[in-house]
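A.B. asks: sequence-free structure coming up:
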């Protein structure tokens, strides 16, 4: 039995002779992954590359969480859990909202998901029909548009810039709402600009949503990575709000693939049957480790990593400004700087990123990954490497620009 | 900030006052989960319940695989991997096909997925448009219809009974193909009947598929759980076949949520960009453990568990027959018996399952979980508990029926 060895060289964005689904034309690959692949290619040739492209903290998972994962394995915790997660984890997440945000919620409103990715899929599948529109910011997290398109839902991107801190506002949502619009998706703080939305603005957006009998999805995966302030959570904002969150970023558990959502009671049965069918259950070892991640003994370790991210921001933003990049709004959190290219750079941002990687060995992400609006003039720096390497990256960029 | 505390009691199958997505009407909850919940409720009251409902092996993950998971944790393997999986795992899976099935394939054709569930979603998303039809067996694995409906794809169920060993055939596929049909999904061996499809029949089905320029998806998650024979894999059948497989069943890694697929080269870029967007990557610890699962040192342990499943089948099938159940085709593998209720049972199968659980403390699954065709007269027994408990279950059913 000889396998097929088609030698077709297929570009992932163009159609092929194979009759694949039409939705693929609307789903772009992550450009950052191409940058990453190119960067690794150069490393394989012996080049020293500084990675400021990937949206993943460089810190390893803290020891107590790792130990909890090992203990779960030792205890034989290798079977399926309920589709919406271990009851004790759902309870611990509910308690976390009470302790951290003063939001009282029943564990029945918490769903544990395979990453925030799983939560975004469940939310969109539960709430929106094909041809419905969902409003989202451009620039924004690219997968959001693709979750929508997978389901035949139309992502409607609203351009956002410095004047609105790279976030949707009640005003832009009200103006952007059409007959087809059924919901709004915001990230607080956002990617790629790291800016937060005030509770007042969020409530204003929600008022518009409620007026239209729609839904508000609030992605809070970077919520605990805000420096020097505690953002209030949208989990307390009522029965038209779904909050998406994750153990990946603040809790430093990316590869464990675990997130959660907080949804209104009325949506939970839909989430449950969707999760039963689409995922069966989230990863069991990760769920046991997450119980420890939420515990008080890890908070000091996690906060220390968050504080180091804040130091990196405080190094990087002024250094980029000095190099002629324009960072109109200081990021409140996450680990990203979205910067406008210096005027004297004539290349578009995709070509600039390629050239910078090639000539200076610094990997960053072009604006095109996050949307269309002024994408050709913007790049994202992810400060997911240590201060010394960030300093070195700045030096390399300085030499490259000279 | 007081959270919403809606007290709406929402049935998961009826519409609600909340404007949820219409697709939910076509997505049923797993009935087996309701049986499981009822069974656990009785256990909480102190009743002794024998579980023959859940499609999960009772064996824990073998020690060497657990050790490999712990070693990965110890080594700090907690970051994202590439979206289609660790290159060394993709290579090991390709090697497994060469060693086990004599099928030579490049690692580039292997995608590691978050469970077979992830593979089924990727395959349907890559291949089928809304309104396209996919042919599948009724009875069959219920989530298959729901993956299709999530995407607006139409599952077209073809009734299968003992005369075709509860499987699609070239003839039924040729007859069932309509203008809208774009593909066929088979499971080999199948759920709920555990029957295998011969390579000759599979090639016949493929010939029909190719004639219509369509796609054949072959779910081989129970493939290594065939007793006393090695089924040839469909992975060697060419450029219109996608094989879905899993570390859950034979490799006893359910809670680790890891599967894989083998697809034609021309489909891989589509799978890659879908996986990047929908999943980011499969669970990292699980991927490292899976490398050991595929190793030669675990095969003896895994084969011993498979052989015990075979002994359970050899106990259960004759015992059920003696009780008046009709098992027209002996299952070749998996861990299921799909049985017709004895004539003297007047209840429909859903009521029978409820009554049997309540009165005899034996949990089994009604046919309605697997489709419509003669579902009211069939039940599924999952022999996922040890021989002694299966014997006890048989005695309880005997007393219940008397």
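C.D. replies: That came in fine, so what should we check first? Remember, it's a predicted structure, so these values are computed and weren't measured experimentally.

A.B. asks: contact partners for the closest residue to residue A:24 other than its chain neighbours?
C.D. replies: Spatial nearest neighbour of residue A:24, excluding adjacent residues (CB to CB, 6 or more residues apart in numbering or on different chains): residue B:270 at 5.2 Å. Any C-beta I mention is one placed from the backbone N, CA and C, and that applies to glycine too. Shown in contact with residue B:270 (CB atoms under 8 Å, 6 or more residues apart in numbering or on different chains): A:12, A:20, A:21, A:24, B:126.

A.B. asks: closest one of the residues you listed to residue A:306?
C.D. replies: residue A:12 (35.4 Å; CB to CB).

A.B. asks: near chain B, which residues of the stretch 101-250 of chain A are found?
C.D. replies: Proximity of the stretch 101-250 of chain A to chain B (CB under 8 Å from any CB of the partner chain) is limited to residues A:101-106, A:109, A:114-115, A:117, A:121, A:125-130, A:142-143, A:146-147, A:150-152, A:182, A:213, A:232, A:235-239, A:241.

A.B. asks: which of the residues you listed fall in strands?
C.D. replies: Counting by DSSP state E, the part of those found in strands is A:182, A:241.

A.B. asks: rewinding a little: the residue nearest to residue A:24 should be in a helix, yeah?
C.D. replies: Yes: counting by DSSP: H, G, I helix; E, B strand; the rest coil, one finds residue B:270 located in a helix.

A.B. asks: can you pick out the most distant pair from the contacts of residue B:270?
C.D. replies: Pairwise distances across those (CB to CB) peak at 13.4 Å, for the pair A:12 and A:21.

A.B. asks: so which of the two has more stuff around it?
C.D. replies: The residue with more neighbours, out of residue A:12 and residue A:21, is residue A:21; 21 against 18, by other CB atoms under 10 Å in any protein chain shown.

A.B. asks: show me the residues around the more buried one that make contact.
C.D. replies: Residue A:21 neighbours (CB under 8 Å, 6+ apart): B:125, B:126, B:127, B:128, B:129, B:270.

A.B. asks: mind redoing it with 7 Å?
C.D. replies: By CB atoms under 7 Å, 6 or more residues apart in numbering or on different chains, the contact list for residue A:21 reads B:125, B:126, B:127, B:128, B:129.

A.B. asks: and for residue A:158?
C.D. replies: A:135, A:137, A:138, A:168, A:172, A:176.

A.B. asks: 6 Å instead?
C.D. replies: A:135, A:172, A:176 (CB atoms under 6 Å, 6 or more residues apart in numbering or on different chains).

A.B. asks: which residue sits closest to the second one, ignoring its sequence neighbours?
C.D. replies: Nearest-residue entry for residue A:172: residue A:158, 5.3 Å, with adjacent residues in sequence omitted and distances by CB to CB, 6+ apart.

A.B. asks: enumerate the positions of the worst-scoring helix or strand of chain A on mean pLDDT that are buried.
C.D. replies: Least confident helix or strand, chain A: helix A:31-44 with a mean of 86, by mean pLDDT, DSSP states H and E. Neighbour counts over helix A:31-44 (16 or more other CB atoms under 10 Å in any protein chain shown) mark A:31, A:32, A:33, A:34, A:35, A:36, A:38, A:39 as buried.

A.B. asks: what about whichever residue of the stretch 301-402 of chain A sits closest to chain B, which SS state?
C.D. replies: Distances between the stretch 301-402 of chain A and chain B by CB to the nearest CB are smallest at residue A:384, namely 10.4 Å. Classification of residue A:384 using three-state DSSP returns coil.

A.B. asks: isn't it up against residue A:58?
C.D. replies: Yes: Residue A:384 is in contact with residue A:58 according to CB atoms under 6 Å; the separation is 5.0 Å.

A.B. asks: which ones are touching residue A:365?
C.D. replies: A:32, A:53, A:380.

A.B. asks: could you rerun that using 8 Å?
C.D. replies: A:31, A:32, A:35, A:53, A:192, A:353, A:379, A:380, A:382.

A.B. asks: got it, and residue A:119?
C.D. replies: A:111, A:113, A:244, A:245, A:246, A:259, A:260, A:261 are the contacts of residue A:119 under CB under 8 Å, 6+ apart.

A.B. asks: was I right about the first one contacting residue A:122?
C.D. replies: Just to be clear, that refers to residue A:111. Yes: at 7.1 Å, residue A:111 counts as touching residue A:122 under the criterion of CB atoms under 8 Å.

A.B. asks: pull up the overlap in contacts between these two.
C.D. replies: Taking CB under 8 Å, 6+ apart as the criterion, residue A:111 and residue A:122 both touch A:261, A:271, A:275.

A.B. asks: any idea how far the first one is from residue A:237?
C.D. replies: Relative to residue A:237, residue A:261 is positioned 14 Å away (CB to CB, to the nearest Å).

A.B. asks: who's more crowded, those two?
C.D. replies: residue A:261 (30 against 23).

A.B. asks: quick check: end-to-end length of stretch A:92-111?
C.D. replies: One end of stretch A:92-111 to the other measures 12 Å (CA to CA, to the nearest Å).

A.B. asks: and what of stretch A:219-235?
C.D. replies: Where stretch A:219-235 begins and where it ends lie 11 Å apart, using CA to CA.

A.B. asks: pull the distance from it to the chain's centre.
C.D. replies: Here stretch A:219-235 is found 13 Å from its chain centre; the criterion is CA atoms, centre = their mean, to the nearest Å.

A.B. asks: so for that stretch, mean pLDDT?
C.D. replies: The predicted model assigns stretch A:219-235 a mean pLDDT of 94.

A.B. asks: repeat that for stretch A:385-398.
C.D. replies: 97.

A.B. asks: which parts of it are buried?
C.D. replies: Neighbour counts over stretch A:385-398 (16+ other CB under 10 Å) mark A:385, A:389, A:390, A:392, A:393, A:394, A:396, A:397 as buried.

A.B. asks: Throw these into a markdown table and include secondary structure, thanks.
C.D. replies: Shown next, in a markdown table, are those (three-state DSSP):
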| residue | secondary structure |
| --- | --- |
| A:385 | coil |
| A:389 | helix |
| A:390 | helix |
| A:392 | helix |
| A:393 | helix |
| A:394 | helix |
| A:396 | helix |
| A:397 | helix |
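
A.B. asks: of the residues you listed, just say which sits nearest to residue B:340.
C.D. replies: Using CB to CB, the buried residues of stretch A:385-398 come closest to residue B:340 at residue A:385, 63.5 Å.

A.B. asks: what's the burial count for residue A:74?
C.D. replies: 11.

A.B. asks: would you tell me whether the helix or strand hosting residue A:320 gets close to chain B?
C.D. replies: According to DSSP states H and E, residue A:320 maps onto helix A:296-322. No: counting by CB under 8 Å from any CB, chain B has no neighbours in helix A:296-322; the shortest distance is 13.2 Å.

A.B. asks: quick one: low-confidence parts of chain A?
C.D. replies: Regions of chain A meeting the criterion pLDDT under 70 cover residues A:1-18.

A.B. asks: so which of the contacts of residue A:119 sit within strands?
C.D. replies: A:111, A:113, A:244, A:245, A:246, A:259, A:260, A:261.

A.B. asks: taking these together, which two end up most distant?
C.D. replies: Among the ones in strands among the contacts of residue A:119, A:111 and A:246 lie farthest apart (CB to CB), at 12.6 Å.

A.B. asks: overlap in contacts of these two?
C.D. replies: Residues touching both residue A:111 and residue A:246 (CB under 8 Å, 6+ apart) are A:119, A:260.

A.B. asks: who touches the residue nearest to residue A:356 when sequence neighbours are not counted in this structure?
C.D. replies: Distances taken as CB to CB, 6+ apart put residue A:362 closest to residue A:356, at 5.4 Å, once the chain neighbours are dropped. Under the criterion of CB under 8 Å, 6+ apart, the contact list for residue A:362 reads A:49, A:50, A:52, A:356, A:393, A:396, A:397, A:400.
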